[in-house]
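Visitor: using only what follows, build the 3D model:
(chains A and B)
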Amino acid sequence: MIHSLFLVNSSGDIFLEKHWKSVVSRSVCDYFFEAQERASEPENVPPVIPTPHHYLISVLRHRIYFVAVIQSEVPPLFVIEFLHRVVDTFQDYFGLCTEAAIKDNVVVVYELLEEMLDNGFPLATESNILKELIKPPTILRTVVNTITGSTNVGEQLPTGQLSVVPWRRTGVKYTNNEAYFDVVEEIDAIIDKSGSTITAEIQGVIDACVKLTGMPDLTLSFMNPRLLDDVSFHPCVRFKRWEAERILSFIPPDGNFRLLSYHVSSQNLVAIPVYVKHNITFREGSSQGRFELTLGPKQTMGKAVESVLVSSQLPRGVLNANLNASQGTYTFDPVTKLLTWDVGKINPQKLPSLKGSMSLQAGASKPDENPTIIIQFKIQQMAISGLKVNRLDMYGEKYKPFKGIKYMTKAGKFQRISCLKDNVVWKTLQPIPALISKDSSVVSGLMFAQPVRHSQ
Amino acid sequence: MSSGSGFGDEKGGSSSVGEPEYGHDPASGGIFSSDYKRHDDLKEMLDSNKDSLKLEAMKRIVAMIARGKNASDLFPAVVKNVACKNIEVKKLVYVYLVRYAEEQQDLALLSISTFQRGLKDPNQLIRASALRVLSSIRVTIIVPIMMLAIKEAASDMSPYVRKTAAHAIPKLYSLDPEQKDQLIEVIEKLLADKTTLVAGSVVMAFEEVCPERIDLIHKNYRKLCNLLIDVEEWGQVVIINMLTRYARTQFLNPNVNVKSDLIKSNPLGEKAFYGSDDEEGKEEKAEAAALAKRKPYVMDPDHRLLLRNTKPLLQSRNAAVVMAVAQLYFHLAPKAEVGVIAKALVRLMRSHSEVQYVVLQNVATMTIKRRGMFEPYLKSFYIRSTDPTQIKILKLEVLTNLANETNISTILREFQTYIKSMDKDFVAATIQAIGRCATNIGEVRDTCLNGLVQLLSNRDELVVAESVVVIKKLLQMQPEQHSDIIKHMAKLTDNIQVPMARASILWLIGEYCEHVPKIAPDVLRKMAKTFTNEEDIVKLQIINLAAKLYLTNSKQTKLLTQYVLNLAKYDQNYDIRDRARFIRQLIVPTDKSGALSKYAKKLFLALKPAPVLESPFKDRDHFQLGSLSHLLNAKAGGYQELPDWPETAPDPSVRNVEVPEWTKCSSREKRKEKKVEKPFYSDSEEESGPTESADSESDSASGSGSGSESEESGSGSESEESREESESEQEDKEDEEDKRKKKKKTDRGKVKAPAVESPERFFFIFSRFRFLILEVQRLASDSCSLRTSCRRWHKKTIAPSGSVKTYELLHRITGEGLGVEYCFSRQPFSPDAHMVAVQIMFTNNTNAETKNLHVEDPKLQSGMRIKEFPEIELLPPGEMVTVVMGIDFCDSTQAANFQLCTHIRKFFVSIQPPVGELMMPVFMTENEFKKEQGQLMGMNEISEKLTLGEKCQNEHGIVQRVTSAANVSRSSCSSSLKSNLQVCRKDGVQWDFSVGYCDGDWHNAGEGYSTGPNPVAP
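Guide: Residues are numbered from 1 along each chain as shown, chains lettered A, B, ... in the order given. Now for the predicted structure:
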């Protein structure tokens, strides 16, 4: 299926290649570079590129293109999903999936790729199995290895692949047995100028960090499972049990994993926790424009709105912005025309605002694009959908684990914040949400509503 | 440096031979020497005794390979380390070997013996990895070795090794397609495998090697459906795609009636009645009426099985699996059920943009056929400013496809915001989309047109140009009412520079010049002035305009047309020159002008059909959705066409998995055949056989009591050994205890209640009993150790199966009134422990007495012995008498022939034992069983076939049939999921009959292999 893999960095260099079948010359990537040149933005490179003899399927993550070469029919999603799994694995192993990290660990990368695919067909993609086969590099181990010359490859042959629960390592031992669950919800919303919601939906995930000895069998139940409209599970979750009782029953993988992702049905009204008042105007003939923006909390159940970040792509005609922020700092990039305002925490008593003027190119006509305002925020200890975990029980082992549940709401179209989202670790929850408020105000009147008259 | 390494590359493996510095100038020589030095240094490290040095060298070499540098000259030095003890060095050597073996075929052969050794290793993981590397070495000369290794591994006892064998099949096939036939045999064998681990890989091999051999799937279809949820996610994708194709060839179109109903109008009489009903009601009734008329469609239960078993996978976290199920439903499900996939597909829209891209492409195709499905999710396709352009355009496509009378106003409002976007490509696409909405939905055509006309005054030229093109298409539909728009556009020619837009305007004016009689000649005048500076496409339209005007209004435009044609005659572009020449001949009347010029007006001013604004995704669904070919809208290599539904359903019974009759005569022949074919039997299949998981505990409880005496004989003789063994037994018991506890706990959490048998479950079991393979095995030649183990088990013998089957020895007609039946009583034959007790029942159906019944003249195979029953003096008429005789069958199922004599006659009779009767039931723990099993080498196999009749419609029935055929009963074991029945023969030769199955629950897959002790590497 997958013939070869090329890793291409943002400057267009192939810095790693791996072949699972006969060697495919790296010149095949020229087709990819052509497509890359044609695309205006890095993310606009088509994921599937046909070439005379091969097909190139690529994904872009962390500014690295993972280009897979295939020769015959294969479901494209199969390859794409696999490539993302490769990136996830690298991230899991090296913390960051950057060109430098991959180059530093090139041998481990190669060993991983060798195990993950056999003849182009996925063999072992479960992180728990891989970690048994190839130990992730840690600083301590690197030091020890340099001194003793020992290896990262597991001494024992792994049995995980043969296991009934391939996602879990055997013989796990911890002194502190802990199970943490993060309920993280994201709001995606499009709000028009008047503040009314065009669409709003809540997507949630439950990320878990389970460090339990032995083979625990966990059940997690919710107070209000009916909220969950559409769910997808980690393979460990017993589907039939969920169907019958709405209980999550599973033998967890060891370490971090995503237990569940869900969608809250759009029938439920989504309470938008933040409101924005803004006024962006340009006058015809003048080289000045006014910019006013105020933020305020709304329906947050007394929880503070934190890490607020506002960004807006101003029209191309704007030369500079001279603004005054009541709190936080703002930056304006005159090249990309991107205005960002790091607000911080919203104080309900004293609402943050950003006011000032924009200077336009002399002689330029009034821009007719309407700037979109993207707002990111997070609210701790609250799941905006109201989802509540009822209880977590453990069977199969005797000890008492420490259990923790954490809720948090963030918002956002995740493509923009993907790099942050991947860093969700229990201790330092730092996802930055984004509430997209699309300003449809500047649309000049009812364009389609009124018939145009042509005076003759 | 690069030149240096390039030179090294050319030299390849021979570089170590010569001294390349000779004759080179000093500078380049320096580079070369350093290059070689580096490699020399690596070679030295590889030759050293220290693993750490070797490892360091290998790491550097692998890093070179990763960067795409050539390291092939190190081949001899590296390949020496293939047998290195250090596991990481070994792995890296493998990486190197697989990469360069193809280039250095001869040297690569040096490593083969290492892998061949590995193939025989007792550790399954080592066997697997040896096979994996061996099969990855692309050297044609080792094809026979690979073939042999694959064949052997395909019947390995470890499912992991079998999985690796399945992976190796496509590798060998790509290396040597000649092997196809042999490989298909292996695939067939592996397809019958029951473990989830193997299923995905073998179907992948099937797809690569012989996707056309759909007949191989029949017998495994139900099994695959049932295993599906437990197969790893990548395998699921492959299996689902294959099953989609399979179902298309085997089942009937579930929508065939529905579709024709929609097309067919109601009969006249009915129309009046149903006219008032709402749409749905009408449809339903029409459907019902039609259904009543024709043969009603009944879905094949297997078709239903597939749909039901794939549905939960829509919840998978793997987008590829979700997509595979979605396409399966789209292609196979009845119309009413397809809706379930919409939600899952919409969920995928949250994923990475590449996933979105592929999903949206497929959604776009689906929305053309099944618009209703995605309508509730309209808002999920709204475009966000952060989406990449290619996603935006696809979403736009979906929104356009979803537009209908009810939601068009919402969609148009949304489109208005998009037009203000800064992404110009996207704006252009939006304008196109508006045009398509306008053509598709008549109600909004005017609104859209007006909106688009307003866009003509937009500042951005691209927007204007795109609008012009779209307006042109819209106007073609109803030009009469819109002469003012045409006039408006005519004015735009002064400003607009985009060639496509200019061309569109000119075409419009030319086409409808009668609606704008005053303006058109003026436009031509202006265009004639700028003709030389125009783009080709515009020039062509100017010529067109000129021609049309000449035909309609020659008085005003004759000279202008001549002028334009003259200009065109000397144009650089030959297309334009040709066109000019052609048109001149056609329209300007000359003496020589042919017949055609009479029709010039008709030719040029014919009514042109309005262009149909179609989705580019129309008709893409003839490609299987989710496939690469669908995405590219072109057939990719290796794409398997999705067949059309058959007109009539092929025989559904091909999927029935039958266990043909156990007949005495044929069974022997078959056995012989098999033995010829396969000299070796691995223990791979020993899971086959009947058992039931759910109620095994109760089984064991009831079974524990009665069979104990049958062991008594063994215990008596071997009492000393029993003491020695007792300790180890104790341990085993403890293990067993632990496991049982654990199992119970996991069972509690289990989702599937095994007690409730769904029909598919039954089919599944049904299928696995197609071949009942009893594996019979002589354990070890020294009976001592064997008896020891017999002794050990004595305390926990299990009951012989409840029902004892009676066989006919002599029919009462052939026996002239004497009917003789026999059965295996399964009691110990006390006079001789090696003999099997056979109970013989004589019935006298005559009116006279029968006297002196006895056995005479036994004709036995060598080694067989017989212990006759005491002579029966007298059997009165109508009476029945039972005697017991002992036969030592000596491990074979050969018949014992002898004569049965009465006082007047002799009858030749024979007793043939079914396999099960040669065994003695013994209870043993799973661990013990495994231990014993592990020692079994070189198997005998006896296979029989059973035909299951109509009556066997549930699991119980089948299990009964199978157990009765094999003459064994179900036993329990530690886990409720897998049962092993160990039967021991009385004469100290152990027969091993393992039965077990894993039920459909994923948590239990491969249970039998994971819970046991791992094999220890020597």
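
Visitor: next to chain A, which bits of the stretch 151-300 of chain B? Give me the list.
Guide: B:158-160, B:164, B:167-168, B:170-171, B:174, B:197, B:201, B:204, B:229, B:232-234, B:237, B:241 (C-beta under 8 Å from any C-beta of the partner chain). All C-beta spots, glycine's among them, are computed from the backbone N, C-alpha and C.

Visitor: mind giving me the ChimeraX command for buried ones among the residues you listed?
Guide: In ChimeraX syntax, the buried subset of those is picked out as below (16 or more other C-beta atoms under 10 Å in any protein chain shown):
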select /B:158,159,160,164,167,168,170,171,197,201,204,229,232,233,234,237,241
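
Visitor: from the residues of the stretch 151-300 of chain B next to chain A, which land in strands?
Guide: If you go by DSSP state E, these have nothing in strands.

Visitor: out of the residues of the stretch 151-300 of chain B next to chain A, name the ones that lie in helices.
Guide: B:159-160, B:164, B:167-168, B:170-171, B:174, B:197, B:201, B:204, B:233-234, B:237, B:241 (DSSP state H).

Visitor: low-confidence stretches in the stretch 851-1000 of chain B?
Guide: By pLDDT under 70, the weakly predicted segments of the stretch 851-1000 of chain B are B:891-893, B:915-1000.

Visitor: what about residue 165, how many neighbours?
Guide: All of this refers to chain A. Other residues within reach of residue A:165, judged by other C-beta atoms under 10 Å in any protein chain shown, total 23.

Visitor: ah, no, chain B please
Guide: Counted with other C-beta under 10 Å, residue B:165 comes out at 31.

Visitor: show me what contacts it?
Guide: Contacts for residue B:165 (C-beta atoms under 8 Å, 6 or more residues apart in numbering or on different chains) come out as B:131, B:150, B:153-154, B:156, B:186, B:190.

Visitor: surely residue A:76 meets residue B:629?
Guide: No - in this structure residue A:76 lies outside contact range of residue B:629 using C-beta atoms under 8 Å: 9.9 Å.

Visitor: neighbour count for these two, which is higher?
Guide: Taking neighbours as other C-beta under 10 Å, residue A:76 and residue B:629 compare with residue A:76 leading, 30 against 22.

Visitor: confidence score at that one?
Guide: Turning to residue A:76, the model gives it a pLDDT of 93.

Visitor: could you list the low-pLDDT ranges of chain A?
Guide: A:138-164, A:265-270, A:284-285, A:300, A:363-370, A:411-456.

Visitor: ok, longest helix in it?
Guide: Per DSSP H, chain A has its longest helix at helix A:76-94.

Visitor: for chain B, which residue gets nearest to chain A?
Guide: residue B:52 (2.7 Å; C-beta to the nearest C-beta).

Visitor: pull the number of nearby residues for that residue.
Guide: By other C-beta under 10 Å, neighbour count at residue B:52 equals 18.

Visitor: and it, what helix or strand is that in?
Guide: helix B:51-67 (DSSP states H and E).

Visitor: and the next element down the chain from that helix?
Guide: Next element after helix B:51-67 (DSSP H and E): helix B:75-79.

Visitor: who touches that following helix?
Guide: With C-beta under 8 Å, 6+ apart as the test, helix B:75-79 has contacts from B:13, B:16, B:42-43, B:46-47, B:58, B:61, B:93, B:96-97, B:100, B:104, B:107-108, B:110-111.

Visitor: just the buried residues out of those, in PyMOL syntax.
Guide: To isolate the buried ones among the contacts of helix B:75-79 in PyMOL, judged by 16+ other C-beta under 10 Å, type:
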select buried, chain B and resi 13+42+43+46+58+61+93+96+97+100+104+107+108+111
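
Visitor: ok so, going back, what residues of the helix holding residue B:52 count as buried?
Guide: Under 16+ other C-beta under 10 Å, the buried positions of helix B:51-67 are B:51-66.

Visitor: what is the nearest of the residues you listed to residue A:273?
Guide: residue B:66 (47.6 Å; C-beta to C-beta).

Visitor: need the contact list for the closest one.
Guide: A:16-18, A:106, A:109-110.

Visitor: among those residues, which lie within helices?
Guide: Using DSSP H, those in helices are A:106, A:109-110.

Visitor: so which of these reach chain B?
Guide: Within the ones in helices among the contacts of residue B:66, those near chain B by C-beta under 8 Å from any C-beta are A:106, A:109-110.

Visitor: could you dump these into CSV and include neighbour count?
Guide: Below are these laid out as CSV (neighbours: other C-beta atoms under 10 Å in any protein chain shown):
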residue, neighbour count
A:106, 20
A:109, 25
A:110, 20
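
Visitor: ok, so of those residues, who is nearest residue A:377?
Guide: residue A:109 (36.5 Å).

Visitor: what sits against the closest one?
Guide: A:16, A:90, A:102, B:66.

Visitor: the third one is in contact with residue A:91, isn't it?
Guide: No - here residue A:102 lies out of contact with residue A:91, judged by C-beta under 8 Å, at a distance of 10.7 Å.

Visitor: flag every residue of the stretch 201-350 of chain A that's near chain B.
Guide: So the stretch 201-350 of chain A meets chain B at A:201, A:203, A:215, A:217, A:219, A:229-235, A:238-241, A:243-244, A:249, A:251, A:258, A:261, A:263, A:266, A:313, A:315-316 (C-beta under 8 Å from any C-beta).

Visitor: am I right that residue B:616 is in a strand?
Guide: No - checked against DSSP: H, G, I helix; E, B strand; the rest coil, residue B:616 lies outside a strand; its state is coil.

Visitor: run a quick neighbour tally on it.
Guide: 10.

Visitor: now do the one 4 residues further on
Guide: Number of residues near residue B:620 (other C-beta under 10 Å) recorded here: 20.

Visitor: can you check residue B:177 too?
Guide: Residue B:177 has 10 nearby residues by other C-beta under 10 Å.

Visitor: pLDDT score assigned to it?
Guide: 90.

Visitor: quick one: it and residue A:27, what's the gap?
Guide: Per C-beta to C-beta, to the nearest Å, residue B:177 is found 27 Å from residue A:27.
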